[in-house]
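# Following is a predicted model, sequence given first.
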Amino acid sequence: MLFGRKNRKPIVIPAKQVKEWKYTTCNYCSTGCVIEIGVDEDKKIVTSRGHAGADVNRGKLCIKGLLEHDLFNSPGRGTEPLIRKKHYEAFEKTTWDTALDTSAEKIKEIQAKYGRDAFAVVSTGQLLTEEFYTLGKLVRGCIGTNNYDGNTTLCMASAVSGYKRSFGSDGPPGCYDDFEHTHCFMAFGSNLPEQHPVIYWRLKEALEKRKFPLIVVDPRVTMLAQFADIHLPITPGTDCVLINAMMHVIINEGLQDQDYIDANTQGFDEIKALVQDYDPKSAQHVCGIDEDTIRNVARIYANAPSAMSIWTMGINQSTHGSDGVCNINNLNLITGNIGKPGGTSLSITGQCNAMGTREWSSCSGLPGYRALEKPEHREEIANFWGIDSEFFPEKRGLTQTDIFPAIEAGLIKGLWLVATNPLTSMPNQARIRKAFENLEFLVVQDVYEDVETNKYSHVYFPASVWAEKEGCHTNTERRVNLISNVIPPYANSKPDFWIFNEMAKRFENGKKIKFPEQPEEAFNEMKHLSKGAGRTLDISGMSYEKIIAARGIQWPYREGDEGLKGEARLYGDGKFQTPNGKANLIPVKFFNNNEQPCKEYPFWLNSGRVVEHFHTRTRTGKIGNCNKFSPTPYMEMNPDAANDLGIAHQSYVRLTSRRGDAVVMVQLTQRVPRNMVFIPFHFHDCVNRLTLGLLDPYSRQPAFKQCSVRIEQVDQEEAARTNVESRTY
Ligand SMILES: Nc1nc2c(c(=O)[nH]1)N[C@H]1C(S)=C(S)[C@@H](COP(=O)(O)OP(=O)(O)OC[C@H]3O[C@@H](n4cnc5c(=O)[nH]c(N)nc54)[C@H](O)[C@@H]3O)O[C@H]1N2
Ligand SMILES: Nc1nc2c(c(=O)[nH]1)N[C@H]1C(S)=C(S)[C@@H](COP(=O)(O)OP(=O)(O)OC[C@H]3O[C@@H](n4cnc5c(=O)[nH]c(N)nc54)[C@H](O)[C@@H]3O)O[C@H]1N2
Ligand code: SF4
Ligand SMILES: [Mo]
């Protein structure tokens with residue numbers, strides 16, 4: 001008998017009586033795991049499991065997916081619509097009609113007084129695709145503001161922009177099955193085991209069957225880097241230099257796939273000329289990777305029968321985000337690694353439905369990858385919706401990162417936030433706060449009443465969450481899957497779909513455009529709009545029934561397609577969506593424009609995520625079994641650097657940047673180099689008080705990953721007290 005345990009009862013895991021398993025898809029990351037929710041005799045949700053028959057996750061789920069059903073009754077959920085005259089005053093409960101009427105009137109009032117674009121709408125990557133399509137109809141077709149964007153500008157904008165520049169269209173060309181075929185896998189700024197745990201598991205499964213080199217480019221020794229064969233701890237913001245140096249080696253040693261280049265690309269001579277300036281000998285001093293390693297990696301990549309690259313925020317969230325994506329595409333194009341099994345340029349998407357918003361929300365254009373800039377596209381959509389095409393603007397309006405400065409400058413007076421929490425997630429929080437204070441009217445539509453941004457709202461719409469509603473997601477590998485409605489909406493919350501439909505009734509064009517009552521009817525409209533010769537984004541062969549039967553279908557999947565499988569890869573035929581069908585090789589020149597560590601602010605500040613939390617913690621902060629792993633704002637710091645400053649493990653310190661300060665607890669770890677700290681961005685009043693967020697010139701995505709800070713010790717008792725008091729959850 002174990003000492004001290006003789007009187008303890010053994011742990012008992014209560015048997016859960018599941019009567020029925022209900023089909024749905026995870027609503028956190030873009031992996032797209034299929035979840036079965038277990039419901040008992042009384043229709044109570046008792047447990048969840050990964051769907052064994054789903055190709056994406058093959059029975060697996062990560063901690064967030066396993067515990068997702070705890071969301072339905074989590075604290076802080078919005079129960080009734082709320083209203084007030086001035087932000088920070090007490091809210092009053094109101095009816096849906098009053099909340100919607102007041103908002104519609106305010107929108108019209110602001111537009112009449114200051115112009116149509118003085119009211120902005122900012123949405124998300126976390127709604128269902130049918131909701132995105134409906135929101136697009138409402139904003140583009142009825143409200144008619146051009147200042148309409150989503151938090152995907154903080155997330156996937158650089159990938160979208162890079163894909164468009166290289167291939168002529170958005171749309172990740174690869175899929176998870178590529179892991180089974182590749183001979184070399186290179187990850188740029190992507191920490192799969194924590195951020196896409198089930199994609200990582202698919203990779204690991206492939207590696208167990210057949211060994212191939214795993215190369216990880218990340219300034220931090222992430223969990224993925226720990227499993228890598230070669231880890232390249234790159235100097236922040238310099239991936240373009242590394243890739244140029246790799247291409248220098250490949251081209252000068254004749255390792256490129258010249259047949260592929262000649263047949264399917266344009267611009268090779270320009271690339272060849274540019275990379276002459278990036279000899280590994282000089283490049284090593286910029287990117288921090290020694291010349292031999294650069295040569296070694298370049299040769300491994302180019303000599304592999306097939307090689308693939310993935311990337312996430314280490315590339316996208318940079319002043320060279322869009323260029324970084326183009327350069328990864330360049331690397332794959334010159335080695336003939338696009339559209340073949342195991343050879344691809346696969347951006348790992350962030351949010352569960354960041355793809356759905358790109359495809360159908362009309363944020364940056366019109367539905368189905370159509371562009372506002374093309375008159376024939378405006379005409380087509382206006383005709384289908386039954387409105388005058390003159391109603392549409394002729395080019396895209398401001399992105400989220402330009403909307404906030406426009407509010408600060410008084411150009412935008414009203415804002416509607418749908419499923420996003422910019423007060424915590426945008427860089428340079430003090431300026432965002434100031435922008436909020438400038439607004440004449442703010443509507444917040446969120447699952448949680450206690451979301452930070454709601455402090456500034458005049459009207460709050462309580463939204464239903466996840467499986468309280470029905471509709472689709474598209475995942476990283478273009479797979480469309482279904483969230484089925486498992487339980488009724490919480491309290492008097494309403495599905496976002498319903499809210500948009502009701503709002504449309506209050507606008508003139510809302511009477512002309514059809515707003516279907518059921519999500520599946522909206523899906524049918526999207527199917528219709530996706531049909532067309534040569535379209536990659538074609539979902540015309542899909543139906544909810546077929547999606548469930550297949551456990552998710554990849555697009556393109558055309559009307560009349562046999563079987564239940566869409567196309568696994570794009571561009572297999574070497575034909576791209578550019579005017580002459582050739583992919584663009586785009587020379588990427590590096591210039592250094594980041595805030596760098598200096599005498600006054602000697603540390604790089606890096607930020608990102610941990611496995612147990614999702615974004616601003618509105619959800620995972622409420623789920624005990626997620627939150628308990630990291631309930632406190634903290635930072636990773638190198639022990640040698642801490643030693644220099646006399647800073648102890650688990651003590652509190654103050655970080656100061658040129659923008660502001662934040663107090664965090666120190667976790668000493670070798671994961672970060674001596675001149676860098678890393679903070680998970682999940683906490684309010686924390687890392688984004690410090691970040692600078694310079695914007696990428698093409699995508700307008702902020703460089704969240706690069707700025708500089710200094711570190712000081714603080715009074716421990718005071719910090720501990722403030723930390724406990726300021727914890728929202
Ligand atoms: N658990 C969990 N999973 C999530 C999310 C979550 O909040 N929690 N969010 C989802 C979303 S929306 C997103 S966008 C993804 C993000 O997924 P990831 O991008 O994988 O996650 P991050 O931690 O933001 O950043 C990845 C890495 O970029 C590295 N990095 C920083 N600077 C550079 C650089 O200059 N070059 C290179 N090569 N790397 C650099 C960082 O050190 C970090 O390890 O995760 C998705 N999955
Ligand atoms: N420093 C730093 N900052 C970053 C990043 C970083 O790496 N470092 N990453 C950036 C990235 S990649 C991203 S994607 C953003 C994310 O930034 P945000 O989008 O601001 O963060 P979330 O916490 O996901 O906010 C989503 C909100 O939607 C609500 N919600 C969830 N489901 C629904 C629904 O069905 N309907 C409605 N109406 N509401 C819903 C949630 O409760 C939550 O409040 O953060 C960015 N900020
Ligand atoms: S890996 Fe992503 S999609 Fe899968 S269960 Fe985890 S959070 Fe959900
Ligand atoms: Mo993201």
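The structure has been received and is ready for your questions. Treat the numbers as computed from the prediction; the structure is a model and nothing was measured. Numbering: from 1, shown residues only. Ligands and ions are numbered 1, 2, ... in the order given.
# List, one by one, the residues from this structure near ligand 1.
29, 155, 188-191, 194-196, 217-220, 222, 234, 236-237, 239, 312-314, 318, 350-351, 606, 608-609, 611, 613-615, 705 (C-beta under 6 Å from any ligand atom). C-beta coordinates here come from the backbone N, C-alpha and C atoms, glycine included.
# Sort out which of the residues you listed are in strands and list them.
Taking DSSP state E as the definition of strands, those contribute 188, 217, 606, 608.
# quick one: the residue of the chain found nearest ligand 3 and Glu205, what's the gap?
Closest approach of the chain to ligand 3 (C-beta to the nearest ligand atom) occurs at Gly65, with a separation of 2.4 Å. Separation of Gly65 from Glu205 (C-beta to C-beta, to the nearest Å) stands at 18 Å.
# how about the strands in the stretch 501-650 of the chain?
553-554, 583-584, 603-608, 634-637 (DSSP state E, counting those that start in this stretch).
# The first one pairs with which strands, and in what direction?
In the sheet containing strand 553-554, its partner strands are strand 479-483 (antiparallel), by DSSP bridges.
# do the same with the longest one
With DSSP bridges as the test, strand 603-608 is paired with strand 676-680 (parallel), strand 707-713 (antiparallel).
# any idea of the mean pLDDT for the last one?
By that I understand strand 707-713. Taken as a whole, strand 707-713 has a mean pLDDT of 97.
# who's in contact with it?
Around strand 707-713, the neighbours that count as contacts under C-beta atoms under 8 Å, 6 or more residues apart in numbering are 594-598, 600-605, 637, 645-647, 651, 653-657, 677, 690-693.
# quick one: buried residues of stretch 667-678?
667-669, 671-673, 676-678 (16 or more other C-beta atoms under 10 Å).
# Ok, stretch 695-707 next?
By 16+ other C-beta under 10 Å, the buried positions in stretch 695-707 come out as 695-696, 698-707.
# about what we covered before: could you flag which of the contacts of strand 707-713 are buried?
594-595, 597, 601-605, 637, 647, 651, 653-657, 677, 690-693.
# rewinding a little: so which of the strands of the stretch 501-650 of the chain gets nearest ligand 2?
Once the strands of the stretch 501-650 of the chain are compared by C-beta to the nearest ligand atom, strand 603-608 is nearest, at 3.9 Å.
# Measure how far the closest one is from the centre of its chain, please.
19 Å (C-alpha atoms, centre = their mean, to the nearest Å).
# And stretch 552-565, by the same measure?
26 Å.
# Only C-alpha atoms, please: export it in PDB.
Only the C-alpha atoms of stretch 552-565 are listed here, as PDB (Å, rounded to 0.1, in the frame of the first residue of the first chain):
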ATOM      1  CA  GLY A 552     -16.500  16.300 -45.200                       C
ATOM      2  CA  ILE A 553     -15.900  17.000 -48.900                       C
ATOM      3  CA  GLN A 554     -13.000  19.000 -50.400                       C
ATOM      4  CA  TRP A 555     -13.700  21.600 -53.100                       C
ATOM      5  CA  PRO A 556     -13.800  21.600 -56.000                       C
ATOM      6  CA  TYR A 557     -16.600  19.100 -56.000                       C
ATOM      7  CA  ARG A 558     -18.700  19.800 -59.100                       C
ATOM      8  CA  GLU A 559     -22.300  18.900 -59.900                       C
ATOM      9  CA  GLY A 560     -22.300  15.500 -61.400                       C
ATOM     10  CA  ASP A 561     -19.000  14.500 -59.800                       C
ATOM     11  CA  GLU A 562     -18.900  10.800 -59.100                       C
ATOM     12  CA  GLY A 563     -18.400   9.400 -55.600                       C
ATOM     13  CA  LEU A 564     -18.000  11.400 -52.400                       C
ATOM     14  CA  LYS A 565     -14.500  12.800 -52.900                       C
END
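# Show residues contacting it.
Taking C-beta under 8 Å, 6+ apart as the rule, stretch 552-565 contacts 25, 32, 34, 54-56, 175, 474-475, 477-482, 530-531, 535-542, 546-547, 549-550, 566-568.
# Do stretch 42-50 and ligand 3 come into contact?
No. For a cut-off given as C-beta under 6 Å from any ligand atom, stretch 42-50 has no contacts with ligand 3; the smallest distance is 7.3 Å.
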